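1. using only what follows, build the 3D model:
(2 chains)
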There are 2 protein chains.
Amino acid sequence: MVDAALQAGTAHRRSVFELFARRLSGARRYGVVVGTGRLLEAIERFRFTDAELAFLREQRVVGDQTLDWLADFRFSGHIWGYPEGEVFFPGSPLLTVESSFAEGVLLETLALSILNADSAVGTAASRMVHAAAGKPLAEMGSRRTGEYSAVAAARAAYIAGFTATSNLEAGRSHGIPTMGTAAHSFTLLHDSEREAFAAQVAALGTDTTLLVDTYDIDQGVRTAIEVAGVDLGAVRIDSGDLPVVVRRVRHLLDELGATRTRITVTNDLDEHTVAALAASPVDSFGVGTSVVVGSGTPTMGMVYKLVAHEDATGAWVSVAKKSAEKASVGGRKSVRRAFGADGVAAKELILLGDGPGGATEADDTAGREVLVPLVVDGVLQPGFTGLDGIAAARERHRVSVSELPLVAMSLTRGDPAIPTEYR
Amino acid sequence: MVDAALQAGTAHRRSVFELFARRLSGARRYGVVVGTGRLLEAIERFRFTDAELAFLREQRVVGDQTLDWLADFRFSGHIWGYPEGEVFFPGSPLLTVESSFAEGVLLETLALSILNADSAVGTAASRMVHAAAGKPLAEMGSRRTGEYSAVAAARAAYIAGFTATSNLEAGRSHGIPTMGTAAHSFTLLHDSEREAFAAQVAALGTDTTLLVDTYDIDQGVRTAIEVAGVDLGAVRIDSGDLPVVVRRVRHLLDELGATRTRITVTNDLDEHTVAALAASPVDSFGVGTSVVVGSGTPTMGMVYKLVAHEDATGAWVSVAKKSAEKASVGGRKSVRRAFGADGVAAKELILLGDGPGGATEADDTAGREVLVPLVVDGVLQPGFTGLDGIAAARERHRVSVSELPLVAMSLTRGDPAIPTEYR
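-> Here you go, the predicted structure:
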């Protein structure tokens, strides 16, 4: 596309692309924008290396004019967007990219890839956090998604309210709190469960978590307390009918005098099983597979569409695909979240007009302006990337979710928690 | 775990880990092992950098003894496995890792991450290839999965029989044939559909694919042939009731004299919609979301378990977790695929004994030995990585699938195509 547009002389037409979701995948009540910080970091690094240019040349993917253009590429336009961690609804313009057509189209796959994947994890994680009703959740799903996606998933779950991850690289590169866990193999390696527990306590102290279900859970709990004493930090249970087993283990721990020893559970948990355990004496949850694969919705179905561009005369025209089931709304947009008198979010108002930063007919509409400038003239705005960006996104998510009507917390399939209204 | 085992003196016990799937996720009829080549390349590169060691030290994740051990780490054991592209069934030991406990346990997350993710894509892709009944399939899903997973997904789909990818990085790094596609934005950028088509044909020649459904499909087809002539390579349709639309477009193209112009379809296809189009005059398919997210099964649920180790006396013991619903079969294993008189695969025989390369009681069992040595004394065996590895895996997959009974091709949920039998 870039090649053809450069030859046709249309590649440099000023254009506005919009990234949005036509619907909330999985009939969720709200979506969570995650990945914006990673995307901005990726855009800042986005250059074509010699090796990449050589491949494009040798394979004749593009012509010389395009190769020259790619060699000099760096994004020089503007990007507005929903700040990371914010909730969103169908049609919400999560990113608005204004640049030449060629620059904007080049970001398409990168932007969709990062936001579709990270937001799927963040949206699922947010539901789990609510289901856990204040109890801490650790992300432990690295093994069930690609090796790089695993790091991004830990970051996304943390932004949505998880408290820790087992992925050490996410700790190193994103500052996410990490936690360890022993596997059954550690117990099986030793000549007895007792020897395994003794080895773990010797290395990590009594404030560790012993995995008690390799052989017999009741015996495992007794051995754990015999070895570590009543100050044992926690026991982990990874199998069985959890509501039943957890009660029995709590009872046994109390009987043994280990009243402060916590119980953490794992075992293919998702938001529904976490919710079902809310009334059980569980102290914390470890969630693996379901959070990293978006709990039934592994990708968000976001799209990236041209909504306006300059024509041959330099005049702006709004554009949109006309196909019935994939219609999009052309033109620049700004967004306000309207609240009721009770302070609860009531509507996502999408205002057609001059777009973010410009004047709109509905400029005086009440509510919170949602879009923020992320990149101005190719320059990253501060506060959205790195550790600061993650901390801000986590806090923003907490606040945004707290403003939603109660129906947003429903785990059943249904309509978005608030309607989207175009004006 | 490594920290505690080093302190306890058990970290160096010779151990055998096995990577397998307890069941076929999604009730598929067979699984496809994909990712082995990528894993082997990752194991060869697997070192701890100074920055990584500094993080582990500063965060007190592990003690000094472990830091020293990690600084010198490189995998020095043996790995046998199902060669990449091979089909598998519940219990199939896809990897058998023999090394010290510490070395083996360190590979766990990496091995599971790569194989779970890549095999999910490969398994879904294999079903789509069969559903397409010989017509070519292009992978176009980069935007619907993480930015690194996208490259791995293109590789996995190709091994399973796809013919091309839209991911240029997969072309560069894995030699996968690439293909381009124009988006609706390219049409919308220009002042008319005609100008857009003319720009594309001017840059890429008449043997290109014009996207004809931005406005009205019939008019789009007419304009495409007017601009490009009857030698236009192909038209792409990305919306509508495809079986109906495709027939109409074929009829129209023929009427216009463009009898050799091909029709390619996209639009959230999966194996079921591809199968439903088998009788339509479609010439090729572009599949996006569904293939990169495993078409309902985004991860394979593979696990990595200790099955044998040396005890304090140096004697080998077989071990297995005892919990009812997560039981595993301890001990070393070798595998033969048994065939019927008709040459069709009949059983996956898992032979308990001395494991791959060792003698077994059932050594004279007919059938094909499935496990191959991938790493010997830490040295990668040739033929499994890089471009050669991918070509071999694609061919192996083609052959392995062709040997399966007809029921393997069923797209409905059901039992594995052949039973797993332990001896």
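2. what distance do you get for A:Tyr82 to chain B?
-> 18 Å (C-beta to the nearest C-beta, to the nearest Å). The way it works is simple: take the backbone N, C-alpha and C, and place the C-beta from them, glycine included.
3. could you do A:Gly141 as well?
-> Distance of A:Gly141 to chain B, given as C-beta to the nearest C-beta: 9 Å.
4. run a quick neighbour tally on that residue.
-> A:Gly141 has 26 neighbours, counted by other C-beta atoms under 10 Å in any protein chain shown.
5. cool, and A:Ala182?
-> Neighbour count of A:Ala182, defined by other C-beta under 10 Å: 21.
6. on the three-state scheme, it is what?
-> Here A:Ala182 is recorded as coil under DSSP: H, G, I helix; E, B strand; the rest coil.
7. give the contact list for the closest residue to it other than its chain neighbours.
-> Distances taken as C-beta to C-beta, 6 or more residues apart in numbering or on different chains place A:Leu211 nearest to A:Ala182, at 5.0 Å, with adjacent residues excluded. Contacts for A:Leu211 were tallied using C-beta atoms under 8 Å, 6 or more residues apart in numbering or on different chains; they are A:181-184, A:186-187, A:220, A:235-236, A:238.
8. how much space separates A:Leu211 from A:Thr181?
-> The gap separating A:Leu211 from A:Thr181 is 7 Å, by C-beta to C-beta, to the nearest Å.
9. which neighbours do the two have in common?
-> In contact with both A:Leu211 and A:Thr181: A:Arg236, using C-beta under 8 Å, 6+ apart.
10. re the thing from before, so which of the contacts of A:Leu211 comes closest to A:Ala71?
-> A:Thr181 (47.1 Å; C-beta to C-beta).
11. any idea how many residues pack against the residue nearest to that closest one when sequence neighbours are not counted?
-> Spatially, and ignoring its direct neighbours in sequence, A:Thr181 is nearest to A:Ser166 (5.9 Å; C-beta to C-beta, 6+ apart). Using other C-beta under 10 Å, A:Ser166 has 21 neighbouring residues.
12. give the contact list for A:Ser166.
-> A:Ser166 neighbours (C-beta under 8 Å, 6+ apart): A:138-140, A:142, A:178-181, A:286.
13. find me the pLDDT at it, would you?
-> In this model, A:Ser166 is scored at 96, pLDDT.
14. what strand or helix carries the residue nearest to the spatial centre of chain A?
-> Geometric centre of chain A, nearest residue: A:Gly122, 2.9 Å, by C-alpha atoms, centre = their mean. Following DSSP states H and E, one finds A:Gly122 within helix A:108-131.
15. how about the helices in the stretch 51-200 of chain A?
-> Here the stretch 51-200 of chain A has its helices, by DSSP state H, counting those that start in this stretch, at A:64-71, A:101-106, A:108-131, A:149-159, A:168-174, A:184-189, A:193-204.
16. give me whichever of those helices is most buried.
-> Neighbour counts (mean count of other C-beta atoms under 10 Å in any protein chain shown) averaged over each of those peak at helix A:149-159, with a mean of 30.
17. give me the mean pLDDT for that helix.
-> The average pLDDT within helix A:149-159 is 98.
18. could you do stretch A:384-392 as well?
-> For stretch A:384-392, mean pLDDT rounds to 98.
19. domain map for chain A?
-> According to automatic domain parsing, chain A comprises the domains A:2-122+A:297-330+A:371-422, A:133-292.
20. wait, isn't A:Arg13 in contact with A:Thr313?
-> No: using C-beta atoms under 8 Å as the test, A:Arg13 is too far from A:Thr313 to be in contact (10.8 Å).
21. quick one, which of these two is more surrounded?
-> A direct count of neighbours by other C-beta under 10 Å for A:Arg13 and A:Thr313 places A:Arg13 higher, at 20 against 7.
22. residue contacts, the residue nearest to the centre of chain A?
-> Each residue near A:Gly122 by C-beta under 8 Å, 6+ apart is listed here: A:32-35, A:85, A:156-157, A:159-160, A:397.
23. in strands only, show me these.
-> A:Val32 (DSSP state E).
24. between the contacts of A:Gly122, which is nearest chain B?
-> The closest of these to chain B turns out to be A:Gly35 (C-beta to the nearest C-beta; 9.2 Å).
25. and the gap between the closest residue to that closest one other than its chain neighbours and A:Pro298?
-> Distance criterion C-beta to C-beta, 6+ apart; nearest residue to A:Gly35, sequence neighbours excluded, is A:Asp118 at 3.1 Å. Distance, A:Asp118 to A:Pro298, using C-beta to C-beta: 12 Å.
26. hang on, A:Ala224 packs against A:Val212?
-> Yes: counting by C-beta under 8 Å, A:Val212 is a contact partner of A:Ala224 at 5.6 Å.
27. intersection of neighbour lists for the two?
-> Counting by C-beta under 8 Å, 6+ apart, the common neighbours of A:Ala224 and A:Val212 are A:Val235.
28. coming back round to it: is the residue nearest to A:Ala182 bridged to anything, and to what?
-> A:Arg236 (DSSP bridges).
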